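>>> Kindly generate the corresponding structure for this input.
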Amino acid sequence: MDMLSRDEIAAAGLRDWCKLAQGLHARFLTDDFAEGARFVSAVGQAGDVLGHHPRAVVGPDHVDLTLVSDDAIYREDDGTEHVVQWVTQQDLDVARRISDIAADQHLPADPDAVSTVELGLETAHPSTVAPVWAALLAGEPEAQGRGTPGDEVRDASGRVPNLWFDDGVQDAEVARQRVHVEVYVSAREAERRIAAAVAAGGIVVDDSQSPGLTVVADQDGNRGVVCVAAAPG
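A predicted model of the protein is given here:
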């Protein structure tokens, strides 16, 4: 299936879900682990019918779900096609069904609680260094370029954060901070976290792309990026 644009995802009106990084993310609140397990079982049965399943993490009082298609089609301007990890129509369909199941089971969603983390590495030679990181992070060469037209390193099982490369630096040797953390959250949660970081002594060093991207530094100058994608609906 074709990958969907951010506008198409937002237009779907999935209020329980947030588009963060490549996928759709949701958290549903439960009274206990057993209730979460029953919810995941129902979600699994619905996924069997629809032919697509989310990644699920069951906690003591919540269930975190991630939906993404591993075979989304991305087309360049010249018509070249790439198979990437991104949201497609099947993800929207499954997300709607999951929300219906949650409503039937009286499980509220908490979209401001969802979050995902990625790593960024500044390098002028991504294709050269990517195999090293594929080995270190995922233990397999296939992790390089998985689900992306570039050299980004992604572990198929989701054990570790994705690593992407910023090749905009011309001389990687002079980069002060080569690796940084990117935290993807909802817009409301981003405001809260940035305020909390500043209250703790952090400094907003670049908000020129806010609210989409806000760069925050700690007292030693180490930088992290708070990333926001428009919530579907």
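>>> hey, let's count contacts and neighbours off CA atoms from now on
OK.
>>> Can you give me the neighbour number for His53?
Taking other C-alpha atoms under 10 Å as the neighbour definition, His53 ends up with a count of 22.
>>> Tell me the helix or strand right after the helix or strand where Arg38 lies.
With secondary structure defined by DSSP states H and E, Arg38 is part of helix 33-50. Downstream of helix 33-50, the next assigned helix or strand under DSSP H and E is strand 55-58.
>>> can you list contacts of that next one?
Residues from elsewhere that reach strand 55-58, judged by C-alpha atoms under 8 Å, 6 or more residues apart in numbering: 33, 36-37, 40, 63-67.
>>> Now do the buried residues in the helix holding Arg38.
Buried positions in helix 33-50, judged by neighbour count with 16 or more other C-alpha atoms under 10 Å: 35-37, 39-40, 42-44, 46-47.
>>> Equivalent analysis for stretch 8-27, please.
Burial within stretch 8-27, assessed by neighbour count using 16+ other C-alpha under 10 Å, is assigned to 9-10, 14-21, 23-27.
>>> Which ones among the residues you listed map onto strands?
With strands identified by DSSP state E, the entries of those that belong to them are 18-20, 23-27.
>>> okay, those in JSON lines with distance to Pro211 and pLDDT next?
Below are these laid out as JSON lines (distance: C-alpha to C-alpha, whole Å; pLDDT from 0 to 100):
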{"residue": "Cys18", "distance to Pro211": "15", "pLDDT": "94"}
{"residue": "Lys19", "distance to Pro211": "14", "pLDDT": "94"}
{"residue": "Leu20", "distance to Pro211": "14", "pLDDT": "94"}
{"residue": "Gly23", "distance to Pro211": "19", "pLDDT": "95"}
{"residue": "Leu24", "distance to Pro211": "19", "pLDDT": "97"}
{"residue": "His25", "distance to Pro211": "19", "pLDDT": "97"}
{"residue": "Ala26", "distance to Pro211": "20", "pLDDT": "97"}
{"residue": "Arg27", "distance to Pro211": "22", "pLDDT": "98"}
